[in-house]
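Q: No sequence on hand, only this structure:
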């Protein structure tokens with residue numbers, strides 16, 4: 001586990017408290033919101049349909065992780081910031097049944113801010129909602145600044161590149177862009193990739209059940225024997 005890591009980190013924006021969770025989610029205690037992004041359920045089935053042998057157990061791991069978070073934090077609402085599913089082709093009868101049962105299993109309403117992967121799909125009992133304000137937060141799928149609000153969004157799947165050469169790791173992270181007042185959430189799904197963050201972002205790494213605030217200065221982390229102990233700063237460029 002990275003040294004100095006914890007299961008959560010606090011984030012304050014204009015007096016509003018958020019908790020960044022090592023489970024790749026954001027907890028808003030004042031509003032009782034649990035926020036996640038980019039689950040991409042049904043991705044394995046879509047890849048399999050194109051002849052790519054991706055294992056089918058990713059959905060179970062992703063959904064179980066979400067249920068564990070809801071059981072621990074007891075939210076009033078769970079809001080997915082887009083890309084709950086990977087596409088219509090993967091939206092079979094089994095996945096539809098799981099999604100219909102999800103609010104009851106979570107113990108609270110489930111809401112979905114529509115993402116690009118939901119376009120053209122119909123989910124029973126789960127309408128695709130537009131970007132909108134929840135108190136001081138502006139929730140969207142793609143980054144979308146809103147004056148006077150903190151924009152929480154997904155879509156970018158932010159990761160930080162840690163280490164050098166063959167020892168380099170791609171770690172999911174939370175990334176805050178102060179110039180745009182945007183907080184990018186890491187992708188929640190087990191079968192999702194990621195895009196390196198831009199320079200200038202404030203970063204919290206998610207690694208081995210812990211959150212580690214990150215800076216551009218070299219920082220010691222605990223690694224298995226034979227791996228690099230002095231990581232390089234995150235790379236530039238952020239994908240979409």
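A: On my side now, so go ahead. This structure is a prediction, so every number in the text was calculated from the model and none was measured. Numbering: from 1, shown residues only.
Q: drop to CA atoms for contacts and neighbour counts, all remaining ones
A: Will do.
Q: Give the rounded mean pLDDT of stretch 198-218.
A: Mean pLDDT, stretch 198-218: 83.
Q: Mind listing what's buried along it?
A: 198, 201, 202, 203, 204, 205, 206, 207, 210, 211, 212, 214 (16 or more other C-alpha atoms under 10 Å).
Q: Partner strands of the longest strand anywhere in the chain, with direction?
A: The residue-count maximum for a strand in the chain (DSSP state E) belongs to strand 169-177. Strand pairing for strand 169-177, determined by DSSP bridges: strand 158-162 (antiparallel), strand 182-184 (antiparallel), strand 202-207 (antiparallel).
Q: Looking at the buried residues of stretch 198-218, which two lie furthest apart in space?
A: With C-alpha to C-alpha as the measure, no two of the buried residues of stretch 198-218 lie farther apart than 198 and 210, at 22.1 Å.
Q: Okay, buried residues for the helix or strand hosting residue 94 please.
A: For residue 94, the element it lies in under DSSP states H and E is helix 93-106. By neighbour count, with 16+ other C-alpha under 10 Å as the criterion, the buried positions of helix 93-106 are 96, 99, 102, 103, 106.
Q: now it: mean pLDDT?
A: Averaged over helix 93-106, pLDDT sits at 90.
Q: again with stretch 123-132
A: The pLDDT scores in stretch 123-132 average 90.
Q: Show me how far it is from its chain's centre.
A: Its chain's C-alpha centre and that of stretch 123-132 lie 18 Å apart, by C-alpha atoms, centre = their mean, to the nearest Å.
Q: Pull out the buried positions in that stretch.
A: 128, 131.
Q: Can you give me the first-to-last residue distance of it?
A: End-to-end span of stretch 123-132 (C-alpha to C-alpha, to the nearest Å): 20 Å.
Q: cool, stretch 132-142 as well?
A: Stretch 132-142 end-to-end distance (C-alpha to C-alpha) = 12 Å.
Q: just the helices in the chain please.
A: 43-49, 58-73, 93-106 (DSSP state H).
Q: just so I know, which of those lies nearest residue 171?
A: helix 58-73 (17.1 Å).
Q: Run through the neighbouring helices and strands of that closest one.
A: Counting by 3 or more C-alpha pairs under 8 Å, 6 or more residues apart in numbering; DSSP states H and E, the packing neighbours recorded for helix 58-73 are helix 93-106.
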